[in-house]
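> Turn this into a model:
(chains A, B, C and D)
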Protein chains: 2
Amino acid sequence: MASERNGESGRVTDLTTTAPKPGLAQPGAPHRQSTQKILEAAEQVFAEHGYGGATMAAIARAAGLPKPNLHYYFGSKDALYAALLENILSLWLDDADLWLIAERDPATALSGYIRAKLAWARERPEASRIFAGELLTGARHIDAYLRGDLRARVARIDTVFATWRAQGRMRPVDTRHLLFCLWSMTQSYADFSAQMVRVLETDALEDADFAAAEATISALVLRGVVIDGG
Amino acid sequence: MASERNGESGRVTDLTTTAPKPGLAQPGAPHRQSTQKILEAAEQVFAEHGYGGATMAAIARAAGLPKPNLHYYFGSKDALYAALLENILSLWLDDADLWLIAERDPATALSGYIRAKLAWARERPEASRIFAGELLTGARHIDAYLRGDLRARVARIDTVFATWRAQGRMRPVDTRHLLFCLWSMTQSYADFSAQMVRVLETDALEDADFAAAEATISALVLRGVVIDGG
DNA sequence: GTCTATATGAAGATAGAC
DNA sequence: GTCTATCTTCATATAGAC
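Below is the predicted model of the structure:
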């Protein structure tokens, strides 16, 4: 699990695993360019309308391509959605492995993780919303990921927190529920921004809003679980 | 106005005026019973599949009624969804007014609010998921509620927190972002339970899970914002 | 590989009998 | 008020020309 999280140009990742049909020999540059455009369009449309509300026609329009091309490259709406989810999951993988490690100071680690999660919420809100929508409706498409990869990562983080607790640097908070809280607070700045902008009477979340978010979440988490001078 | 749904202004309609068609004099007991069954079925189906993925046929099946009855009582899928959202919003209204009042001790108030929100997450998870799905996809149906009622309630809570801060009983945390954190943490136990049960290797969230949730969230919030001995 | 045209089925909504 | 049968629209998916 290479911590391949380059913070600055953390743009759209590679979309490699998209061989559309058996028999396609070399997916050339135009191939990758089209699949890329389709995936970006699909991210917008699925995020805005949900899986059921999204239509292949809308995705095709957003991608600037004819509708059949989507089926040519991805086979079906469900397969396109699955490919998109696969892409999105790769974004979720590495922040914890980068920040939540036993060698770090707990306060540094937790605040860095919070900052990284908020950065994703800001840079890729549609990705976060698609993931959230998938969870809302039962997570059928990502069951294997949740039971496998995610659970393993949570188990690793549990050993890190256990180390800190044994060193007297962290209060005895349940690892899993603390992670649930961290995830929900940070991702809500993507998932529920529609509510936030209306409460805050603004058009979109800005620098100041994310700064306040980071300050608030960090205050809760650091004061809540980190033991000073440990 | 109430008689003919013109399909345009009929966004969030008043559910309690259950006069589906002009000429209905007294909505009797069977009327209310049918609308109730439909709303309960709709809550299940909309929560499980999202607005776009839900079908009137599935709702009718879940309600044990023929499809046309749904249109007879609610006019359209969108109107049924709006009526359901209206119902759900009424659940969201009162916990804050009950618990977050200046006369209370901040620790008591906040932990009581957290407990109440978690109780809703447990008792009405589908309602929470429908609300979350509405926010995820832009909150078009509840724009007026968010800009009006909700914003007013947030403003009231802000005065409560300001009082506590002035009394030296609460740290200077941003009211709105603290509320965002409280909402996201508590509601995630309904909205994202599909993820939680897989991480926790269980079939459904139980007493112990909600107890751990409450302990974790309260620990973060109380230590984060309440000043002891204030 | 790419797109026009279209098949096929499903979904929202209604007509009209009872 | 209630339900059977059906209309219309639109979505996914494909056939087949280029």
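> Show me which residues of chain A are close to DNA strand D?
A:54-57, A:67-68, A:71, A:75-78 (C-beta under 7 Å from any atom of the strand). Backbone N, C-alpha and C define where each C-beta goes, glycine included.
> buried subset of those?
Neighbour counting with 16 or more other C-beta atoms under 10 Å in any protein chain shown marks A:54, A:56, A:77 as buried within the residues of chain A next to DNA strand D.
> ok, those residues vs DNA strand C, which is closest?
Nearest to DNA strand C out of those is A:Met56 (C-beta to the nearest atom of the strand; 10.2 Å).
> Would you indicate which residues of the longest helix seen in chain A are buried?
Longest helix in chain A by number of residues, with DSSP state H as the criterion: helix A:29-53. Residues of helix A:29-53 classed as buried: A:34-35, A:37-53 (neighbour count, 16+ other C-beta under 10 Å).
> Does A:Glu43 touch A:Phe131 like I think?
No: look at A:Glu43 against A:Phe131 with C-beta atoms under 8 Å: they stay out of range, at 10.8 Å.
> what separates A:Leu89 from DNA strand D, distance-wise?
According to C-beta to the nearest atom of the strand, to the nearest Å, A:Leu89 stands 21 Å off from DNA strand D.
> can I assume that residue sits in a strand?
No: looking at A:Leu89 with DSSP: H, G, I helix; E, B strand; the rest coil, it is helix, so not inside a strand.
> Got phi/psi on the closest residue to it other than its chain neighbours?
Excluding the flanking residues, the one nearest A:Leu89 by C-beta to C-beta, 6 or more residues apart in numbering or on different chains is A:Tyr145, at 5.6 Å. With angles defined as degrees, to the nearest 10, A:Tyr145 sits at phi -60, psi -50.
> Show the pLDDT at A:Tyr145.
pLDDT recorded at A:Tyr145 is 95.
> Would you point out the helix or strand in chain A whose mean pLDDT is lowest?
helix A:94-99 (a mean of 91; mean pLDDT, DSSP states H and E).
> ok, and does it reach over to chain B?
No: judged by C-beta under 8 Å from any C-beta of the partner chain, helix A:94-99 stays clear of chain B, getting no closer than 12.8 Å.
> Alpha carbons of that helix, as PDB, please.
Output of helix A:94-99 as PDB, limited to C-alpha atoms (Å, rounded to 0.1, in the frame of the first residue of the first chain):
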ATOM      1  CA  ASP A  94      -3.800   6.400   1.800                       C
ATOM      2  CA  ASP A  95      -4.300   9.400   4.000                       C
ATOM      3  CA  ALA A  96      -4.600   7.200   7.100                       C
ATOM      4  CA  ASP A  97      -1.500   5.200   6.200                       C
ATOM      5  CA  LEU A  98       0.400   8.500   5.700                       C
ATOM      6  CA  TRP A  99      -0.700  10.300   8.900                       C
END
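> picking that back up, what's the local residue count around the residue nearest to A:Leu89?
By the criterion of other C-beta atoms under 10 Å in any protein chain shown, A:Tyr145 has 18 neighbours.
> A:Gly168 now?
Neighbourhood size, A:Gly168 [other C-beta under 10 Å]: 10.
> Over to it. Which of the three states is it?
A:Gly168 is classified as coil under three-state DSSP.
> leaving aside the residues next to it on the chain, what's closest to the residue nearest to the spatial centre of chain A?
The centroid of chain A falls nearest to A:Trp92 when counting by C-alpha atoms, centre = their mean (4.3 Å). Nearest non-adjacent residue to A:Trp92, counting by C-beta to C-beta, 6+ apart: A:Phe131, 7.1 Å away.
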